[in-house]
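K.L.:
Just need the structure, nothing else, for what follows:
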Amino acid sequence: MSNTVVMGAQWGDEGKGKIVDLLTREADLIVRFQGGNNAGHTLVVGDTKCILHLIPSGILHADKICCIGNGVVLDPEVFCNELDGLVKHGRTIGPDHLMISKKTHVIMPYHKILDAAREAHKSGKDKIGTTGRGIGPCYEDKASRIGIRAGDLADMDLLRTKIQKALVEKNALFKNLYGLEPLMADEVLEQIRPFAQRTATYLGDVSAAIQETVSRGRSILFEGAQGTHLDIDHGTYPFVTSSNTVAGNAAAGGGCACKVLDRIVAVVKAYTTRVGSGPFPVELDDHAGTFLQEKGGEFGATTGRPRRCGWLDLVILRESVRLNGPTDIALTKLDVLGGLDEIKLCTSYRYDGREILYPPQEENSLARVEPVYESMPGWHEDISGCSDFQSLPQAARNYVLRVEELLGVPISLVSVGPDRDQTIRR
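P.N.:
The predicted model follows:
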C-alpha cells in the first residue's frame, strides 16, 4: 500500500471514518493531520458502533500506531474521555499505540467560552453555526503566537505562565465585550491539570515516527477531517472551519515532506449534505430531502444537528478534484439512494445569465447560483448485501459510472452499508 491521504470532498460527513478504518488494514501508521473535536467519525464493526472526535479512526486495529499531528488542535478533556470510551469497547490504549505531537496546539477552557460567547453575540444570518468546541479561538492563538502546545502540558509552571499571558487579552474580551466574569489562571490550571497530566504521557515526535516508517518501506495513512468546502481558504467563506482541510495540508499538518504523499482518496457521499449555516445550492426541502435525511441517518456525530440534504453536486466536486488532485474516489452511502424512482445529479450552475461548471469565487456567490440537473432512473432493490460491482442493479451501476465520467476520476470503492465489510472494491 502507498502512503495515502483520505480527505472529504464535500462539506464533511462523507463517511471518511469508515474508509479510513477500511484502508487502515493495509497501513502501519495512521496520522490525523488537522481539525479538532468538531468532527465526528462514526465506525461500525459488527454490532459495535464507536464515534471518535480526536483519536484517529484506525485505533480500533490493535496492531497499528496512531498519531495526532501538529496540525490538529486537541482538547485534553475530550481526549481523555475518548480513551475511557474505548475501554468500554474493550480497547485499552497505551502510548505504544497512540502518539500526540508535542507541537499540537491545545484547546483551553477559555477558548470554548470565547467560541460560545462570539456565536451568541451574533444575530441571524451572521451566525456561522460553530460547534462551540473552541476550535477557531485555539487556531487564532496559534497564529497569534500565544498558543499552548501539547508539549507544555508536561510542565505545570510553564503552563501556568502561558495561561496567565493568554488571559490578559481573553479577560478583556470577556469583561468589556461579552459581559462575562474574568478567569483566574490558577482556576484554569486546576481545571485542566488532571487531563493535562494524563495527556502528557502520550507525547512524542510524530515527524520522526513518519520518517522512520517511510525509511522502513512501510505504509502511512493520513486521516483528514471535515471536507474540502469547509477549508479556511477554499471553502464557502466565512461559513468554514478554521483549518486547511485539503489534501495538501497532510504534509504540513502531519509533519513530513510533500513527496511522502503518493495516493489521495477523495471520499464522496452519493448525495450531498451540509450542517449549519452557509450556501447550499442543491438543498432539498421536499420528500426526497426528507427521504435522504431519514434513511441516511443524517444527524451530526458531534452535535446531533440534522444535516441539510440534497442531490449530488458535481460542480463543487469538480472544484474538489481541482484542489486535491485525487488519484481515486471512495463513493459512500450508495445504498441510501435505493427506493427513489428518480435520482438527480447537479451537473452545472446558472450564474449571472451563464452556465458554469465550477463554483464562482466571490464571497457568498454560491447563494446566487441555480443548479442544473440531469435525471437518472433510480432503483428499489436492497444493495446492502452486494459484494461486487456487477451484482448491483443496472441503475445503480449506471449512477456510479456517470459520476466517474463527469469527474474524470476512477471510483475505486463503493460503500453499500455502514459496516467495513459492506464495501465493493473495483
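
K.L.:
Go ahead and confirm Ala78 touches Asn37.
P.N.:
No Ala there; residue 78 is Val. Yes - look at Val78 against Asn37 with CB atoms under 8 Å: they come within range, at 4.6 Å. Glycine gets a C-beta too; all of them are placed from N, C-alpha and C.

K.L.:
overlap in contacts of the two?
P.N.:
His53, Leu54, Arg133 (CB atoms under 8 Å, 6 or more residues apart in numbering).

K.L.:
For those residues, give me TSV that also has secondary structure.
P.N.:
As requested, these are arranged in TSV below (DSSP: H, G, I helix; E, B strand; the rest coil):
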residue	secondary structure
His53	coil
Leu54	coil
Arg133	coil
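
K.L.:
Got a ChimeraX select line for the buried ones in those?
P.N.:
Of those, the buried ones go into a single ChimeraX selection, burial set by 16 or more other CB atoms under 10 Å:
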select :53,54,133
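
K.L.:
Just want to know which of Val78 and Asn37 has more residues nearby.
P.N.:
The residue with more neighbours, out of Val78 and Asn37, is Asn37; 25 against 17, by other CB atoms under 10 Å.

K.L.:
Compute the distance between the closest residue to that one other than its chain neighbours and Gly224, please.
P.N.:
If the residues on either side of it in the chain are set aside, Asn37 comes closest to His53, at 3.8 Å by CB to CB, 6 or more residues apart in numbering. Counting by CB to CB, to the nearest Å, the gap between His53 and Gly224 amounts to 14 Å.

K.L.:
same thing with Gly310?
P.N.:
Computed with CB to CB, the distance linking Gly310 and Gly224 is 22 Å.

K.L.:
Could you pull out the helices in the chain for me?
P.N.:
16-23, 76-88, 109-121, 135-144, 156-176, 185-200, 206-215, 249-254, 287-295, 314-324, 394-407 (DSSP state H).

K.L.:
Dump the third one to CSV, keeping only the CA atoms.
P.N.:
The C-alpha coordinates for helix 109-121 follow below in CSV (Å, rounded to 0.1, in the frame of the first residue of the first chain):
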residue,chain,number,x,y,z
PRO,A,109,-11.3,26.2,28.7
TYR,A,110,-11.2,29.9,27.7
HIS,A,111,-11.3,29.0,24.0
LYS,A,112,-14.6,27.3,24.4
ILE,A,113,-16.1,30.2,26.4
LEU,A,114,-14.9,32.7,23.8
ASP,A,115,-16.3,30.5,21.0
ALA,A,116,-19.7,30.3,22.5
ALA,A,117,-19.8,34.0,23.5
ARG,A,118,-19.0,35.1,20.0
GLU,A,119,-21.7,33.0,18.4
ALA,A,120,-24.3,34.1,20.9
HIS,A,121,-23.3,37.7,20.2
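
K.L.:
Report the rounded mean pLDDT for that helix.
P.N.:
Averaged across helix 109-121, pLDDT comes to 92.

K.L.:
quick one: contacts of that helix?
P.N.:
When contacts are defined by CB under 8 Å, 6+ apart, helix 109-121 is touched by residues 127-128, 130, 132-138, 141, 166-167, 170, 173-174, 177-178, 180, 183, 188, 191-192.

K.L.:
got it, and the fourth one?
P.N.:
Outside helix 135-144, the residues within contact range by CB under 8 Å, 6+ apart are 35-38, 73, 105-108, 110-112, 114-115, 130, 147-148, 166, 241-243.

K.L.:
returning to what we had before: doesn't Arg32 make contact with the residue nearest to Asn37?
P.N.:
No - between His53 and Arg32 no contact is recorded; they are 10.4 Å apart, counting by CB under 8 Å.

K.L.:
on that earlier part again, now, among the shared contacts of Val78 and Asn37, which is nearest to Pro377?
P.N.:
Distance ranking of the shared contacts of Val78 and Asn37 against Pro377, using CB to CB, places His53 first at 39.0 Å.

K.L.:
Now do that closest one against Glu362, distance only.
P.N.:
As for His53, its distance to Glu362 is 33 Å (criterion: CB to CB).

K.L.:
swap in Pro194?
P.N.:
Using CB to CB, Pro194 is found at 48 Å from Glu362.

K.L.:
Phe299 too?
P.N.:
Phe299 sits 32 Å away from Glu362, going by CB to CB.

K.L.:
who's more crowded, those two?
P.N.:
Applying other CB under 10 Å to Phe299 and Glu362 shows that Phe299 carries more neighbours, namely 14 against 9.

K.L.:
Contacts only, for that one.
P.N.:
The contact partners of Phe299, taken as CB under 8 Å, 6+ apart, are Arg305, Pro306, Arg307.

K.L.:
Looking at pLDDT only, which of these scores worst?
P.N.:
The member of those with the lowest pLDDT is Arg305, at 80.

K.L.:
How much space separates the closest residue to that one other than its chain neighbours from His89?
P.N.:
Distances taken as CB to CB, 6+ apart put Val275 closest to Arg305, at 5.5 Å, once the chain neighbours are dropped. Applying CB to CB, one obtains 26 Å for the distance of Val275 from His89.
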